[in-house]
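*Asks:* Sharing a model prediction with you, sequence too.
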Amino acid sequence: MMRTVLRLEHIRGNDRERVGGKGFALATLVKRGLKVPHGLCIGVDAYKRYLADTGLGARILMEIDRKDFAEVRWEEMWDASLRIRNLFLKTPLPEDLRSLLSSSLESELTDKSVVVRSSAPGEDSTHASFAGLHESFVNIRGLDSILEHIRLVWASLWSDRALLYRQELGLDVHQSSMAVVIQELIAGERSGVTFGKNPNDPSQVVIESVYGLNQGLVDGSIEPDRWLLDRKSGVIIDHHATERHLAVGAHGESTRLEKLAAEKQNVPPLTNHEVKKVFGLALELEEIFGSPQDVEWTFLGDELYLLQSRPITTMAGKNKEDKRAWYFTLRRSFDNLKALRSRVEDELIPAMEHETKIFAQRKPAELSDAELAKELYERQEAYDRWLQIYWDEFIPLAHGIRLFGQVYNDTIRPDDPYEFMDLLGATEMASLERNRRLEDLAAMIRADPVLGDNLSKRHYPGPDHSFSRALDSFIERFGDLSCSAELCTQGRDSIIRLLLELSSRPAVKERFPTKDLESLRVSFFSHFQGDKRLRMEELLDLGRASYRLRDDDNIFLGMIQNQLRLAIEESKGRLTDRSNLEVERLDPLEIIEALNNPDYVAKKVVAIPEKSAHFDIRPRQLVGQPASPGLVRATARVITEPSNLFDFKGGEILVCDAVDPNMTFVVPLAAGVVERRGGMLIHGAIIAREYGLPCVTGIPNASSLIHTGDELTVDGYLGIVIKHS
Amino acid sequence: MTQITGSGSRRKTLLSEESELEQLIRELFESQKLAVLGTQKEGQPYANLIAFASSDDLKSLYFATARATRKYANIDADARVTVLIDNRSNQDSDFSQAAAVTATGTAQEVVDFKRDEVLAIYLAKHPMLEEFVRSPTCALLQVEVQTYYLVRKFQNVMELHVK
């Protein structure tokens, strides 16, 4: 038999590539007589056979090479990884491989709770350690479940985090592979992590510990007790005690946060004697591996078990421009997201609304040049600040959508990996309410031809007319929103123009779900009972909130951006007379300078070079991401600035760089949506799905390759856009 | 107050991509010796492998054929042709990594003074075909390209129309 499944104690010195970094390190520790939970390793051959025999390898290749990597946004990586994971979920093990793995596992581990862990070759070596790239699963029981989680560990070779670092990792369908370690779960009562060398002070060792399993500490949902020890003498320099409320325990077929028993809350998880024992272990491991180690361990009774040891490394991508380190922070636990949700809902969004109101009270037109410069600075500063908050707090909250999606896909295994979004979408979004109110206004015009006729001749009814009252109330409620679409400068005319266009078409309905949402819901929840079901309901609730806020946060950020824009427009208006300025090319900093200095001369702008001499180049078929299914052929309307929106004709295809939430009032008029930004969870895709419109996102240069008036086919199934000549 | 970024949007032009595309086609042509030629007779399409070369401005493709061949007869009756040049390697990775260029245009025999010039280009690429091409029964043909259709990443298609 090939050495496909190996007990830890049978792993040899030349097996490193076969069993991966984690498996090899554990085997080394077993050989040294350290107390490691009993287990075995499924070598990379199994992964390679699975990929080759099922044809999955070729499908992964199609998925990850769909677009040039440089053009793939982080949200598209979420999607690619989600689709790849679904491929693994839906592709069973070939029978011979299944029976090989079953027979090895059955005699060893199938009657116990186990941990199924990733062990990638190359990982955990001192050169390339990227902790947290791949998945591990705790408290798995029974043969079927273990076999399934092996596939999920394999799938995590293609996690979004791994895709992000694919160049550094050398991630490649033909070369990369994944081994799996399966170990008995030690239901430790006190657990922790030791850093053999404090990153902030190399003379120290850091020990962190919590009650229960280690998960709570590792994913950041539980604050640990922390000890600092002198590396040389082992003397405890400091003990930072924390408020202890929670512990992670094994429960059913997974783990969960539980309340910590009252008698433990006032007692540190480790005695000083145990701290020293853990310290001693770290030094021993440092000697074995030749460098300071990052060690995970647990106490069961008085017995200290070693769970993992790897070299300490720092996260790649410290460069501020490198957003990948930030991206890692997106992966958050349920509890962490719940806390984030209340911060976003109760603090951040109200604060944004408040700030917008204050700006709105100061009319740019009434300010002197110097005051306007100051105002512009403040608005730009506010926008930049909120944009940062958007990245730091709003976007991470979107992880709630994925958290639910993953559980849904694991449970239901739907053909469409985005089916879960139907359950999330049945919720109220601010932009949908606004669109509904617009539709009501359009309906008034439709029902009253005389009114429509008058409006199109710009004979507006008096203030007491029911239409005027309804319009006023709309502007009062959504005034700020409509403002950002230049209604402020163009007045009520623009809304009325839009309403006339809306009323000339049959009433637009929001999507009637093709599937019965209630039965989707029931079928999902039928998989869970008791406590677990309650947790799933909470998870769905969080997913819905994430989904809704994904829309709303954009709207509120749009309001701030609009206040900035109003100040910029007023400023540009004042500068148009200056012959030495190309006003349209100025950025806000240059505008501020110009307002303050009548003699300001802008920096030279690089001339745009000539086009190709031999060819007239036109796109024919552009590849993006399928974001909402459907097929349509119609005329393009490219939106490059808000005023373009009011030229939008019913039945056109909305093409833009990014669907701004403030643009979405034209979506009910559109026949399809094409957007440069990619991803399933971006605003345009969500709204398009709500209205059942074909949508393709992630088309690089969409708004420059496509021109208004072009005849397009939008294929929302395949994610392609065809430009007809 | 915090430092503001003053993020002015300056749109990237397509130019860099345009010259990139031309370069990509040039490199593809240099890397490949053979192409697929499509002709037709009375509506029946017909495909062949040909050894091809291209002009420096990419506006012409050249190939040689014996005059007695079916393709020569087809072209004689209808000069409209298509040529496919690609760099596939018969691997899974072709779906994402191979590029293919389809040219459409009209073919005609190269004669008189122009023949020497084209022959030099052709033989520089295919020296082993010298005897074949110099045979009195062999015709040297030029395809005047109207449009190139460049396919990458399985489904990404750009058109290059000769000016």
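*Replies:* Received it, and whenever you're ready, just let me know what you need.
*Asks:* Could you confirm A:A634 falls within a strand?
*Replies:* Yes. Counting by DSSP: H, G, I helix; E, B strand; the rest coil, A:A634 is part of a strand.
*Asks:* With adjacent residues omitted, what lies nearest to it?
*Replies:* A:A671 (4.4 Å; C-beta to C-beta, 6 or more residues apart in numbering or on different chains). All C-beta atoms are positioned from the backbone trio N, CA, C, and that covers glycine.
*Asks:* Tell me which residues touch that neighbour, please.
*Replies:* A:V632, A:A634, A:G651, A:E652, A:I653, A:L693, A:P694, A:V714 (C-beta atoms under 8 Å, 6 or more residues apart in numbering or on different chains).
*Asks:* Please type out the PyMOL selection for whichever of those turn out to be buried.
*Replies:* Restricted to buried positions by 16 or more other C-beta atoms under 10 Å in any protein chain shown, the PyMOL selection for these reads:
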select buried, chain A and resi 632+634+652+653+693+694+714
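*Asks:* With secondary structure, distance to B:A35 and pLDDT as extra columns, can I get the contacts of A:A671 in CSV?
*Replies:* Formatted as CSV, those follow (DSSP: H, G, I helix; E, B strand; the rest coil; distance: C-beta to C-beta, whole Å; pLDDT from 0 to 100):
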residue, secondary structure, distance to B:A35, pLDDT
A:V632, strand, 36, 95
A:A634, strand, 37, 96
A:G651, coil, 42, 91
A:E652, coil, 40, 94
A:I653, strand, 36, 96
A:L693, coil, 41, 91
A:P694, coil, 36, 94
A:V714, strand, 33, 96
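*Asks:* For A:C41, state which of the contacts of A:A671 is nearest.
*Replies:* Among those, A:P694 lies closest to A:C41 (C-beta to C-beta), at 46.9 Å.
*Asks:* Pull the contacting residues for that closest one.
*Replies:* Residues counted as contacts of A:P694 (C-beta under 8 Å, 6+ apart) are A:628-632, A:671-673, A:688, A:714-717.
*Asks:* From these, pick the one nearest B:F132.
*Replies:* So of the contacts of A:P694, ranked by how close each gets to B:F132 (C-beta to C-beta), first place is A:D715, at 45.6 Å.
*Asks:* Phi, psi for that closest one please.
*Replies:* phi -110, psi 100 (degrees, to the nearest 10).
*Asks:* For chain B, see how far away it is.
*Replies:* Plainly put, A:D715 is 10 Å away from chain B if you go by C-beta to the nearest C-beta, to the nearest Å.
*Asks:* Go ahead and confirm that residue touches A:S628.
*Replies:* No. Taking C-beta atoms under 8 Å as the definition, A:D715 is not a contact partner of A:S628, at 11.1 Å.
*Asks:* Looking at those two now, which is surrounded by more residues?
*Replies:* A:S628 (27 against 22; other C-beta atoms under 10 Å in any protein chain shown).
*Asks:* what does the stretch 151-300 of chain A have sitting close to chain B?
*Replies:* A:V173, A:H174 (C-beta under 8 Å from any C-beta of the partner chain).
*Asks:* swap the cut-off to 10 Å and go again
*Replies:* Within the stretch 151-300 of chain A, the positions lying close to chain B (C-beta under 10 Å from any C-beta of the partner chain) are A:D172, A:V173, A:H174.
*Asks:* Which one (most neighbours) among those residues?
*Replies:* That'd be A:V173 among those, by other C-beta under 10 Å, with 22 neighbours.
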